[in-house]
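Participant: Sequence plus predicted model, see below.
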Amino acid sequence: MANHTNNDLDPAFQLYQPTPDRSPMLKRVLIVLTIVVGVSLVGAAGVAVWLNSSMSNIGHVGVTVKDENRPAPVESDSLNILLLGADAGTARNGPGTSIIKDAAKDVWPRGKYRSDATLLVQIDPDREHAYVISIPRDSYLPVHDQTGQKRETTKVNAALSLYGPSGALSTVENFANLRIDHLAMVDWDGFEAITDAVGGVPLTVDGQKRTLRGTEALQYVRQRKSLPQGDFDRVKRQQNFLRALMSTVIKRGTPLNPIRLKKTLNSITENLAVDDGWSDDDIRSLALSMRDTRPKDVTFLTIPTKGTESDPQAGSIVLVDEAACEVLFDAMRNGTMKEWVDAHGDTVLGNARLVD
C-alpha cells in the first residue's frame with residue numbers, strides 16, 4: 001500500500017467526492033489545444049483578421065501563486081502551458097454558470113468543479129513541434145493551494161476543486177518542478193460546439209469508420225468502464241480524438257472557408273479563459289507563429305505510472321512513477337523532449353487504427 005497522507009485537511013475537501021463519469025477531457029481541452037497548438041487555423045491569408053475579431057471573447061483569470069512558492073524560471077525559449085478542463089458546466093451547476101465566470105469572482109466556489117483534464121503542453125522554440133502530456137485525473141499527488149502552499153495529498157483533480165485554477169497550476173508546477181508560463185482552461189459546452197463547427201470528426205470505432213459529431217464524440221471520449229485498461233484507455237481515446245480533430249481541420253480547409261473558420265474560432269474563444277498575464281497579442285502571435293504545425297508535429301503521451309490502488313479517503317487512485325516522471329520533467333527543463341520520446345515509446349499515443 002502506498003504511504004498516504006492527508007494532512008491539513010479542511011472542510012472544503014469533504015465537498016470533493018468522486019462522481020459518475022460525466023465530463024470527458026476533450027469536450028473542453030480540445031478547444032484550447034486547437035488554438036494553442038496552431039493546427040493550421042492560421043495557415044491562410046486573412047485569418048489574422050478573424051483572430052483579431054475573436055480575441056475579445058477570451059476570458060482572463062488571475063494567478064495568485066506567490067513567486068517564492070514557484071519553481072525558478074528556466075533559461076529556454078520553449079513555452080510551457082497548463083491546460084485544464086472542468087466538470088461539469090450547466091449539466092450540474094445550472095444554466096448561466098460556468099467555470100470561466102466563477103474563476104473571475106473574488107471567492108472561488110470550493111468543491112464545485114474538478115479538472116477532468118490536466119495536460120501539460122511544451123511547445124518547442126521552433127514553434128513547429130509540441131508535446132502534450134496527460135496527467136491522469138486520479139494521479140495521487142501532493143496538492144498545493146492558491147498561494148502555492150503544500151496541503152493534502154490526494155487526486156490531482158482535487159486541486160482545482162479545492163483551490164481553483166491557481167491551486168491546479170501550483171500543484172502541477174511543484175509536481176514537475178517546472179515553471180509554467182501560461183494557464184488555459186475551457187468550459188464543457190465548447191466540446192460539442194467545436195466538433196459541430198468543423199463538421200464532425202472521422203474515427204475508426206469498433207473496426208468501422210464513422211464521423212462523430214457532438215453527442216457521439218462525447219460518448220467516444222468519455223467511455224472507460226467497457227475498455228480493458230479503463231481510465232488509461234480513455235486517455236488514449238481522448239488523445240486520439242484530439243489528433244483526429246487536428247487532421248480534420250486541415251483536410252477540410254477550415255482556414256480557407258470563411259464561414260467555417262468564423263464558427264470554429266468563435267467556438268474556441270467563447271469557451272476559453274487564460275491567465276491574466278497572457279495577452280491577446282501574445283496568443284495571436286503564438287497562433288500565427290505555429291501556422292505550419294501539423295498533427296505529425298504534435299506528440300501525445302502520458303506520464304509514467306505504476307498502476308492503480310484504492311485509498312480509503314480518495315478512492316481509486318493512480319500511482320505515479322516518481323523516478324520516471326523526474327526523468328521526463330528533466331527533459332522538459334533541458335529541451336531534450338525529442339530524445340526522451342525516442343527512448344520511451346511506450347508512453348506515446350500509437351497508430352490511430354490501434355486505438356479503439
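Facilitator: Everything's here; your move. Numbering: from 1, shown residues only.
Participant: Below-threshold pLDDT in the stretch 251-356 of the chain: ranges please.
Facilitator: For the stretch 251-356 of the chain, applying pLDDT under 70 flags the ranges 251-261, 350-356.
Participant: I'd like to know how many residues surround residue 72.
Facilitator: 9 (other CB atoms under 10 Å). Placement of C-beta: from N, CA and C, glycine included.
Participant: OK, contacts around residue 331?
Facilitator: By CB atoms under 8 Å, 6 or more residues apart in numbering, residue 331 lies in contact with 337, 339, 340.
Participant: What helix or strand is the nearest residue to the second one once chain neighbours are set aside located in?
Facilitator: Of all residues not flanking residue 339 in the chain, residue 331 sits nearest, at 6.9 Å (CB to CB, 6 or more residues apart in numbering). When elements are defined using DSSP states H and E, residue 331 is found to belong to helix 322-334.
Participant: buried ones in the next helix or strand after that helix?
Facilitator: Next along the chain after helix 322-334, taking DSSP H and E as the criterion, comes helix 337-343. For helix 337-343, burial by neighbour count (16 or more other CB atoms under 10 Å) applies to 337, 340, 341.
Participant: TSV for the residues you listed, including distance to residue 183?
Facilitator: Below are those laid out as TSV (distance: CB to CB, whole Å):
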residue	distance to residue 183
337	20
340	24
341	24
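Participant: Out of the residues you listed, the closest to residue 124 would be?
Facilitator: residue 337 (7.6 Å; CB to CB).
Participant: close enough to count as contact, the closest one and residue 133?
Facilitator: No: applying CB atoms under 8 Å, one finds residue 337 not in contact with residue 133, separated by 9.2 Å.
Participant: what do those two both touch?
Facilitator: residue 122.
Participant: and stretch 102-119, average pLDDT?
Facilitator: For stretch 102-119, the mean per-residue pLDDT is 81.
Participant: any idea how far residue 317 is from residue 144?
Facilitator: Distance of residue 317 to residue 144, computed by CB to CB, to the nearest Å: 18 Å.
Participant: And residue 169, by the same measure?
Facilitator: Counting by CB to CB - residue 169 and residue 144 are separated by 9 Å.
Participant: ditto for residue 160
Facilitator: Taking CB to CB, one finds residue 160 at 12 Å from residue 144.
Participant: From the neighbour counts alone, determine which of these two ranks first.
Facilitator: Shown here are residue 160 and residue 144; by other CB under 10 Å, residue 160 has more neighbours (31 against 27).
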